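S.K.: pasted the sequence and its predicted model underneath.
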Amino acid sequence: MTTESAFIATLRALATHPAARGLNDDCAVLEIGGEALVLTHDAMAEGIHFLAGHDPADVAWKLVATNLSDLAAKGAEPLGLLLGYQLGHDDSRFAQGLGEALEQFKVPLLGGDTIGGTGAQVLGLTALGRATHRPVPSRSGAKAGDSVWITGALGAAMAGFEALQTGAGDSIAYRRPVPLLAEGQALAPRVTAMMDVSDGLLLDCKRLAQASGVTIALNSQAIPMAVGEERRDEALRWGEDYQLLFTLPPGAAPPCPATAIGSVRAAGPHPLLLDNVPPTGRLGYEHGGNSA
C-alpha cells in the first residue's frame, strides 16, 4: 500500500493552482471577489478514526470539529459545511450529534451527499471559511530565530481514547474535541506559521519545518502534558489533541494562552530535533504506513 505522504507527493503534480498551496498546508486558500475563501476536507473511517459501536453523535461532532480545527489554523471564520455521509446503523443519532455541533460552533450545514454501502462506514466533510487576516497563515512561513509555541497540553485525547475503550475515566477529549477558532483568529495577524496538531506533535512539527525549509528544535520538558511524565514521549507522537502549533518572530508574545516549546533554526541535516537530537521511531500517525 502506498503511504499517505507518497500519495500526496504524487498529487502535487496535479494540484498546480495557487490556491492548493502545493498541498503543503491544512487548507486551500482561494482568492475571490476581494475575499480569501478557506476550504478544507477531512474524512473519517470506522475502525481507524472511530471505534465500531462508537456513539454516532460523537462521531458527527468529531467530524465537524476536526474540519473546523483546520480552519482555526488559518484564522478563518467558518461559513458552512458540506457532508458526505454513508448510511450507518443509527443515522438519527448521527444527525442529533451533527445538530449539536452545528449549534455549538455556529456553522450552517449547506448540503452534501448521502450514499448506501456495506462494510466499514466512511464519512467526509468539507468546511468553508472566510479568512479574517491576509495573508492567510501557512505552514511555510517559519524563519530562523522564531520561537515555537503550542496553545495547550498534549495527551488528553490519548487518555480519552483509552477511557473510551475501557469504559472507565473521562473520554470527552477524544470523543468531542473543540476547535480553537477564536485563538486561531487572534493569532493569525502575528504568527509566521501555524497548523493544528492532529497526527502527533513530532510529525506535525516535522511537516511545518519541511514546508518552511528550516529546522525546528523542541525542548521536550517545556511541552505541557495532560498525562503523567512517564507517558510524555508517547503523548508527543499520539495526536488528536487539536492544539494550535505556531511560530512567532523573535520577542513576540502570543495574544492567547500558549507555551513556548522550542525554536526555529536554519535548515540543517534534520528538519526536527528533540532535545538537540533527531527523534527516532514513529513520529506520529500516517495512513498507509508508519511515519519516521
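M.R.: Great, that's in hand. Numbering: from 1, shown residues only.

S.K.: where along the stretch 151-292 of the chain do the strands fall?
M.R.: Along the stretch 151-292 of the chain, the segments classed as strands by DSSP state E, counting those that start in this stretch run 193-196, 214-218, 244-248, 259-266, 272-274.

S.K.: got these as TSV, with mean pLDDT, mean neighbour count and distance to Gly145 columns?
M.R.: For glycine as for every other residue, the C-beta is placed from the backbone atoms N, C-alpha and C. Putting the strands of the stretch 151-292 of the chain into TSV (pLDDT from 0 to 100; neighbours: other Cβ atoms under 10 Å; distance: least, Cβ to Cβ, whole Å) gives the following:
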stretch	mean pLDDT	mean neighbour count	distance to Gly145
strand 193-196	98	26	13
strand 214-218	98	24	10
strand 244-248	98	26	10
strand 259-266	98	18	7
strand 272-274	98	22	16
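
S.K.: and those strands as TSV, adding distance to Cys27?
M.R.: As requested, those are exported to TSV (distance: least, Cβ to Cβ, whole Å):
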stretch	distance to Cys27
strand 193-196	10
strand 214-218	21
strand 244-248	14
strand 259-266	22
strand 272-274	23
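
S.K.: Asp91 is nearest to which of those strands?
M.R.: Of all these, it is strand 193-196 that lies closest to Asp91, at 28.6 Å by Cβ to Cβ.

S.K.: give me the sheet partners of the closest one and which way each runs.
M.R.: strand 244-248 (antiparallel) (DSSP bridges).

S.K.: and of the strands of the stretch 151-292 of the chain, who's closest to Asp70?
M.R.: strand 193-196 (6.4 Å).

S.K.: what does that closest one rub up against?
M.R.: 25-26, 69-70, 72-75, 137-142, 146, 179-180, 184, 187-188, 204, 207-208, 211-212, 242-247 (Cβ atoms under 8 Å, 6 or more residues apart in numbering).

S.K.: so Gln165 makes contact with Leu51?
M.R.: Yes. Judged on Cβ atoms under 8 Å, Gln165 makes contact with Leu51 at a distance of 7.5 Å.

S.K.: outline the domain layout of the protein.
M.R.: 4-131, 147-274 (automatic domain parsing).

S.K.: end-to-end on the last one?
M.R.: Taking Cα to Cα, to the nearest Å, domain 147-274 runs 15 Å from one end to the other.

S.K.: ok now that domain, how far from the chain's centre?
M.R.: 10 Å (Cα atoms, centre = their mean, to the nearest Å).

S.K.: I figured Ala186 hits Cys256, correct?
M.R.: Yes. Look at Ala186 against Cys256 with Cβ under 8 Å: they come within range, at 5.2 Å.

S.K.: is it true that Ala188 touches Ala72?
M.R.: No. The criterion here is Cβ under 8 Å, and Ala188 misses it with Ala72 at 9.5 Å.

S.K.: the two: which has the busier surroundings?
M.R.: Per other Cβ atoms under 10 Å, whichever of Ala188 and Ala72 has more neighbours is Ala72, with 29 against 23.

S.K.: now do the contacts for the more buried one.
M.R.: Pro179, Leu180, Leu181, Glu183, Gly184, Gln185, Asp196, Leu244.
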